[in-house]
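Colleague: below is the structure, and that's it, no one-letter string:
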């Protein structure tokens, strides 16, 4: 087992000081009296007390058994604890801490203490949750405190200024410094910029954003008291003068409203939805008003949503709902779009990855297919506006990758002139050279928009050369206005036929079309870009290729051993149509035991190509085939790891002949290849089991 790295003695104190110094330099206009007071008070504490406070902040929960404190950087725990209690960052626990206190007590202590308190009917077999509920309902806090050793415990207190400082730094409600440790251990990659800009420049915006971020964070607990507290915090919380803070409030209102709507408290739910006023809140409010019989209120809100929609998705919902409930249309846009989609027969083996199955069928028909989904459009956006996003804009901290101007929707306002110039470049057909220059100059630079591994230059070229350019510009313009709202929902595939690009959202049986997907399909259609739904019909496809693979290796561990030989046979409609074979240099010695097992010697692979040299040829052979092997996980796992080593992705539908043999010939003691040969005359019969018997055989 690898030895964990030894952290410096004052590791956590040093990183807290790093965070504190950054916030003081960057957010001076945002910090209030209480924040400055905390900083002054913190700096006046002894080093032991500062270390203890940071250790407590960095741990889960707010209740601690101080008798368990043992930290190498703290010389006098008792004095440090007293110092923290004196300045109000720690206190003795009280009744308000009862539930948290019980959660810190081991179950056997809860059992013993309950019996000592005269509750002889408790059972040691109870789950801890049952003990806690019993204590809260049946045993006063003072009694529990006496028998469970409450004197040993303290509660963290007065942490709101600290939480706000961490929020300014990380941009979310962090309660510890774990990201620093992840950074220093090399697990979390951070931004290497030397200068950063504040994510907030206005104190009211920062405090409002912090308030509603904390509300959202609290809702993860899911309890009714937490939701009631959240409802009060939403309805009485600070006003939101910016889009970013408003979005946080909208999300909190929507999540809290859903809880009370499901609980049957429709009056409170309506108040929360009205406080949110986002498309999600408006949709729930319309449905709620309609369901309780307030048709006038529902219709008035729908008119507002149609006349002044906050998003394309809101307009789509409002027009659809109004048409069905007030306009006499019997089916909605969802149903109409699904009915209009074409049906594509895909081999049943592609269950779980229907997009790959559809892509294979369409390629056989002569269509060029790219896996696009959200990646293509995010790549186009990021490459086109690289300078504005990553050269002209500074990140809020080293832990951020997505520019804050995309989070608060200020990107269009900040860069209106250059955005219009680049949109004009799209419509005039001059944008591809701009994109290619960015690819050449910035390749591999980390960013929060797209992954370089997924950049498909040919797909970008096909999009920009085979689509309505004004339509592409309109989609990109919407991304500039609201990137976060437009970053997903795009169709799965881009199809190119006769030089013209179109898009397809693939839906298998039982799949539902999400609102954002429907919105993107309609946006693309409105922009003059063909977009459709492809409905998958799973059947045996006689034209589907099955690639039967057998590999030899230096051992059984795919993450450590290497491939020495690959043999593959391609079968279509029960006939062998192609073969592929290569010895592979494993770049290591083959043991005598493996030589005896496989027959492959070190001399045989000495001049053989390494895997990277045959990878492209094998991928070309696989094409859109299904990967078949006896005990397929073994062979497939080795292929995946070999491709990982050369930073490539290997993903194909799998079929296991061993599993197929077990289904067709149950009850045998062995299902190895030797037994396989005894019980089937034609190897391809079991290979494509259970599909082989569905279609007619053709002569080979």
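Modeller: It's in. The structure displayed is predicted, hence computed values, not measured ones.
Colleague: dihedrals phi and psi, the closest residue in space to residue 190 that isn't next to it in sequence?
Modeller: Nearest residue to residue 190, sequence neighbours excluded (CB to CB, 6 or more residues apart in numbering): residue 398, at 4.2 Å. Heads up, the C-betas are built off the backbone N, CA and C, glycines and all. Dihedral pair for residue 398: phi -70, psi -10, per degrees, to the nearest 10.
Colleague: so what's residue 398 up against?
Modeller: By CB atoms under 8 Å, 6 or more residues apart in numbering, residue 398 lies in contact with 183, 190-193, 196.
Colleague: ok, now residue 281?
Modeller: Residue 281 touches 250, 253-254, 257, 272-275, counting by CB under 8 Å, 6+ apart.
Colleague: just the residues you listed: which are in strands?
Modeller: Using DSSP state E, the subset of these located in strands is empty.
Colleague: is it true that residue 536 touches residue 507?
Modeller: Yes: judged on CB atoms under 8 Å, residue 536 makes contact with residue 507 at a distance of 6.7 Å.
Colleague: what sits in contact with each of the two?
Modeller: With CB under 8 Å, 6+ apart, residue 536 and residue 507 have common neighbours residue 354.
Colleague: identify each buried residue in the strand or helix carrying residue 51, please.
Modeller: With secondary structure defined by DSSP states H and E, residue 51 is part of helix 47-57. Of all the residues in helix 47-57, those buried under the rule 16 or more other CB atoms under 10 Å are 48-57.
Colleague: ditto for stretch 281-292
Modeller: 281-290.
Colleague: let me see the mean pLDDT of it.
Modeller: For stretch 281-292, mean pLDDT is 96.
Colleague: again, but for stretch 428-448
Modeller: 94.
Colleague: run through the neighbouring helices and strands of the helix holding residue 51.
Modeller: In this structure, helix 47-57 makes packing contacts with helix 11-26, helix 77-87, judged by 3 or more CB pairs under 8 Å, 6 or more residues apart in numbering; DSSP states H and E.
Colleague: okay, buried residues for stretch 560-567 please.
Modeller: Buried residues in stretch 560-567 (16+ other CB under 10 Å): 561-566.
Colleague: and the gap between residue 63 and residue 98?
Modeller: In this structure, residue 63 and residue 98 are 10 Å apart, going by CB to CB, to the nearest Å.
Colleague: so what's the nearest residue to residue 47 once chain neighbours are set aside up against?
Modeller: Counting by CB to CB, 6+ apart, residue 47 lies nearest to residue 13, which is 7.3 Å off, once chain neighbours are set aside. For residue 13, the contacting residues are 47, 50-51, 54, 73, by CB under 8 Å, 6+ apart.
Colleague: run through the stretch 151-300 of the chain and note the low-pLDDT ranges.
Modeller: Applying pLDDT under 70 to the stretch 151-300 of the chain picks out residues 174-176, 194.
Colleague: strands of that one, residue ranges please.
Modeller: Along the stretch 151-300 of the chain, the stretches classed as strands by DSSP state E, counting those that start in this stretch are 153-156.
Colleague: now do the stretch 401-550 of the chain
Modeller: Using DSSP E, counting those that start in this stretch, strands in the stretch 401-550 of the chain cover 493-497, 500-507, 531-539, 545-553.
Colleague: how about the ones you listed in TSV, adding mean pLDDT and mean neighbour count?
Modeller: Below are the strands of the stretch 401-550 of the chain laid out as TSV (pLDDT from 0 to 100; neighbours: other CB atoms under 10 Å):
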stretch	mean pLDDT	mean neighbour count
strand 493-497	96	21
strand 500-507	94	22
strand 531-539	91	18
strand 545-553	93	21
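Colleague: want to throw these into a markdown table with distance to residue 244?
Modeller: Below are those laid out as a markdown table (distance: least, CB to CB, whole Å):
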| stretch | distance to residue 244 |
| --- | --- |
| strand 493-497 | 33 |
| strand 500-507 | 31 |
| strand 531-539 | 31 |
| strand 545-553 | 51 |
